[in-house]
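K.L.:
Need the 3D shape of this:
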Amino acid sequence: MPAPTVIALVGNPNVGKSTIFNALTHLRQHTGNWPGKTVATARGAFTYRGREYTLVDLPGAYSLHPGSAEEEVTRDYLLSGEADVTLVVVDATCLERNLALAVQVVDVAWPVVVCVNLLDEAAKQRITVDLKALEEELGCPVVGAAARGGLGLDALRQALEEAVLRPIPRPQASPCAACDGCGQCQAEAAMARAAAIAARAVTMDPEAAHRRDRALDRFLTSRATGIPVMLGLLALILWLTMAGANAPSELLSRLLLGWQEPIRRFLQGLGAPWWLEGALVDGMYRTTAWVVSVMLPPMAIFFPLFTLLEDAGYLPRVAFNLDHFFQKSGAHGRQALTMCMGLGCNACGVMGCRIIQSPRERLIAILTNAFVPCNGRLPPPLQGQQSPA
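P.N.:
Residues are numbered from 1 along each chain as shown. You can find the predicted model right below:
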């Protein structure tokens, strides 16, 4: 049986890569770490016209000249030659910024298919993308999609199959692409080329496209309203988390702890020694039941709410509002986001510190995240639960 065709999925953060990954693989995925790194890559599988494909979702990257561990993983994977096809996902609403990465990928990995995602959002902002012109400029197949609505996925599968079975000749590399010692020069050349391509392929009304964002920026990042709005939103999320978790936490506690004595009687009926009964019932089961009943409901409320803020584009504005204050203490503005995540779970907050590029500032964020009181460390009266002790 032939080995599955490997497709590398590449793109900037927040361009819909995960949506496309899930739509193609139907959540048939597993994660793994690149050798020597703690950054995870997701792998999934799908079948199209009898051919097996393995889709590797690489970490979001802005450039192949890495400034973070995620970008280094993406670059190393593409250069390893493991992928048979590279799928680059770009955002139609900010195509010029995304094309800088696509231009670099075309120079180092082949064959390449480009998916212009979020065409529905672009239409709302009166942005039109000429896919044919984009295909001519990049020299590779270009497919338009609105992955959240399932539009364009069949055309994308077909384009990937054709890239495998009938790959087109590779275009000539852009100047300086083969140079090993001028990463900044390469990045600037890629950005200049991306701007030239976008100028030909994108038609937009700048005022209409950015009117809403400018109005939101004036309200959410101004000196007068930025901080109060931020504090109010975070306070609202915390209140919804703590108040909303009381009822499901109590229900789970009664349900799970209600099985404690039946399990104990079952073990006694089997003639289990007292030390085994205590270890299994009072130790493992009771502690696990308490942790699940206390931790699961708040996390199930907090992180979806936090994700809504991310999808709405508010989290970068939080980092912008607090960047000046964090700089005064020798930290990075992005630490504000990891501290907000720490309110839900310190472990997730520490994991999120990898978005900070500087090793020194990343270490500061990791060490200080422990001072953020996550829900699991709040006193039992605030959680509506009693500890198992």
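
K.L.:
Please give the per-domain residue ranges for this structure, including any split domains.
P.N.:
Split into domains by automatic domain parsing, the chain comes to 5-204, 226-383.

K.L.:
In a markdown table: those domains, plus mean neighbour count, mean pLDDT and distance to A215.
P.N.:
To be clear about C-beta, it is placed using only N, CA and C from the backbone, and glycine gets the same treatment. As requested, the domains of the chain are exported to a markdown table (neighbours: other CB atoms under 10 Å; pLDDT from 0 to 100; distance: least, CB to CB, whole Å):
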| stretch | mean neighbour count | mean pLDDT | distance to A215 |
| --- | --- | --- | --- |
| domain 5-204 | 18 | 84 | 13 |
| domain 226-383 | 16 | 84 | 13 |
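
K.L.:
Let's have those domains in JSON lines, adding distance to L216.
P.N.:
JSON lines is the format used below for these (distance: least, CB to CB, whole Å):
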{"stretch": "domain 5-204", "distance to L216": "13"}
{"stretch": "domain 226-383", "distance to L216": "8"}
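
K.L.:
in the stretch 51-200 of the chain, which spans are helices?
P.N.:
Taking DSSP state H, counting those that start in this stretch to define them, one finds helices in the stretch 51-200 of the chain at 69-80, 95-108, 119-124, 131-138, 153-165, 183-201.

K.L.:
Tell me which of the ones you listed sits nearest to M351.
P.N.:
helix 69-80 (12.2 Å; CB to CB).

K.L.:
bridging residues for T5?
P.N.:
Y53 (DSSP bridges).

K.L.:
For it, give its distance to V113.
P.N.:
12 Å (CB to CB, to the nearest Å).

K.L.:
Find residues that contact each of these two.
P.N.:
V85 (CB atoms under 8 Å, 6 or more residues apart in numbering).

K.L.:
looking at the domains of the chain, which is closest to D213?
P.N.:
domain 226-383 (7.9 Å).

K.L.:
roughly how far out does that closest one sit from the chain middle?
P.N.:
Centre-to-centre, domain 226-383 and its host chain are 19 Å apart (CA atoms, centre = their mean, to the nearest Å).

K.L.:
Repeat that for stretch 46-56.
P.N.:
Per CA atoms, centre = their mean, the centroid offset for stretch 46-56 relative to its chain is 23 Å.

K.L.:
Okay, now that stretch: how far is its last residue from its first?
P.N.:
11 Å (CA to CA, to the nearest Å).

K.L.:
before we move on, what about stretch 332-349?
P.N.:
14 Å.

K.L.:
Number the chain from 480, please
P.N.:
That works, and once the first residue is 480, the last one we named lands at stretch 811-828.

K.L.:
got a list of contacts for that stretch?
P.N.:
Here stretch 811-828 makes contact (CB under 8 Å, 6+ apart) with 713, 717, 720, 774, 777-778, 781-782, 785, 794, 797-803, 805-806, 829, 831-832, 834-835, 837, 840-841, 843-844, 847-849, 851-856.

K.L.:
now swap in stretch 706-713 and tell me
P.N.:
698-699, 788, 793, 796-797, 800-801, 819, 822.

K.L.:
Among these, which one sits closest to R530?
P.N.:
L788 (40.1 Å).

K.L.:
OK, contacts around the closest one?
P.N.:
712, 716, 794.

K.L.:
closest one to F525 among the helices of the stretch 530-679 of the chain?
P.N.:
helix 632-644 (8.1 Å).

K.L.:
Tell me how far the closest one lies from the chain's centre.
P.N.:
25 Å.

K.L.:
With only the CA atoms kept, save it in CSV.
P.N.:
C-alpha atoms of helix 632-644 as CSV (Å, rounded to 0.1, in the frame of the first residue of the first chain):
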residue,chain,number,x,y,z
LEU,A,632,-13.1,23.0,0.3
ASP,A,633,-13.8,20.7,-2.7
ALA,A,634,-11.8,23.0,-5.0
LEU,A,635,-9.0,22.9,-2.4
ARG,A,636,-8.9,19.1,-2.3
GLN,A,637,-8.8,19.0,-6.1
ALA,A,638,-6.0,21.5,-6.2
LEU,A,639,-4.0,19.5,-3.7
GLU,A,640,-4.5,16.3,-5.7
GLU,A,641,-3.4,18.0,-9.0
ALA,A,642,-0.3,19.4,-7.3
VAL,A,643,0.6,15.9,-6.4
LEU,A,644,-0.2,14.1,-9.6
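
K.L.:
ok, now how distant is N577 from I716?
P.N.:
30 Å.

K.L.:
Kindly report the same for E756.
P.N.:
42 Å.

K.L.:
ditto for M683
P.N.:
With distances taken as CB to CB, M683 is found 34 Å from I716.

K.L.:
In three-state terms, label the residue nearest to L503 when sequence neighbours are not counted for me.
P.N.:
Spatial nearest neighbour of L503, excluding adjacent residues (CB to CB, 6 or more residues apart in numbering): F525 at 5.1 Å. Under the three-state scheme (DSSP: H, G, I helix; E, B strand; the rest coil), F525 adopts strand.

K.L.:
What's the first helix or strand after the longest helix seen in the chain?
P.N.:
Of all segments of type helix in the chain, defined using DSSP state H, the longest is helix 705-736. As assigned by DSSP states H and E, the chain's next helix or strand after helix 705-736 is helix 739-748.

K.L.:
who's in contact with that following helix?
P.N.:
For helix 739-748, using CB under 8 Å, 6+ apart, the contacting residues are 755-756, 759-760, 764-765, 768.
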